[in-house]
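Colleague: How does the following fold in three dimensions:
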Amino acid sequence: MNTLTKRAPGRSEPGPVGQAGNRVCLRARRRDLGGRHLLANGGLPERVIHNDTKLSNVLIDNRSCEGICVVDLDTVMPGSALYDFGDMVRAAAMPAAEDERDLSQVFLDLDAFNALARGYLEEARDF
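Modeller: Below is the predicted model:
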């Protein structure tokens, strides 16, 4: 079955899923060619990752305001550091709640994203 077709409910043959569905399929296909493909083929090293990267999972020293340690380790497992970066961006650069229903409130704060990317690349350069 072509990635741009999908079996419709009640149909035995796959058919086009429409313009929105095509975009979803294309994005899924690109994602498969991205991080997972690179991990599987050794292009990205597998690391121990947190999988819930957000500020509330870092214990902060009250005096120095520096991170002391990472907490909430129940989601730690092997994977790509890019997963943690993406999760951190979602948590820190998107001010809306995860379950926000008003889509006008859902946006990416580009200043926050750029700061995260600069800091991450500076610190993770040798990963």
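
Colleague: how close does residue 106 sit to residue 76?
Modeller: 28 Å (Cβ to Cβ, to the nearest Å). To be clear about C-beta, it is placed using only N, CA and C from the backbone, and glycine gets the same treatment.

Colleague: Can you pull out the low-pLDDT segments for the chain?
Modeller: 1-39, 127 (pLDDT under 70).

Colleague: quick one, strands of it?
Modeller: 5-7, 14-16, 47-49, 58-60, 67-70, 77-79 (DSSP state E).

Colleague: List the contacts of residue 93.
Modeller: Neighbouring residues of residue 93 by Cβ atoms under 8 Å, 6 or more residues apart in numbering: 108-110, 112-113, 116.

Colleague: Tell me how many other residues surround the spatially closest residue to it that is not a sequence neighbour.
Modeller: Distance criterion Cβ to Cβ, 6 or more residues apart in numbering; nearest residue to residue 93, sequence neighbours excluded, is residue 112 at 3.9 Å. The tally of other residues near residue 112 (other Cβ atoms under 10 Å) stands at 14.

Colleague: doesn't residue 74 make contact with residue 50?
Modeller: No. The criterion here is Cβ atoms under 8 Å, and residue 50 misses it with residue 74 at 10.0 Å.

Colleague: Who has more neighbours out of the two?
Modeller: A side-by-side neighbour count of residue 50 and residue 74, using other Cβ under 10 Å, places residue 50 first with 22 against 8.

Colleague: burial count for the closest residue to residue 60 other than its chain neighbours?
Modeller: Among residues not flanking residue 60 along the chain, residue 67 sits closest, at 6.0 Å (Cβ to Cβ, 6+ apart). Residues within reach of residue 67, counting by other Cβ under 10 Å, total 11.

Colleague: Can you give the domain ranges for this structure?
Modeller: 1-44, 45-127 (automatic domain parsing).

Colleague: Check which residues of stretch 120-127 are buried.
Modeller: Buried residues in stretch 120-127, counted by 16 or more other Cβ atoms under 10 Å: residue 120.

Colleague: Report the contact partners of residue 110.
Modeller: Contact analysis of residue 110 by Cβ under 8 Å, 6+ apart lists residue 93.

Colleague: Great, nothing more from me.
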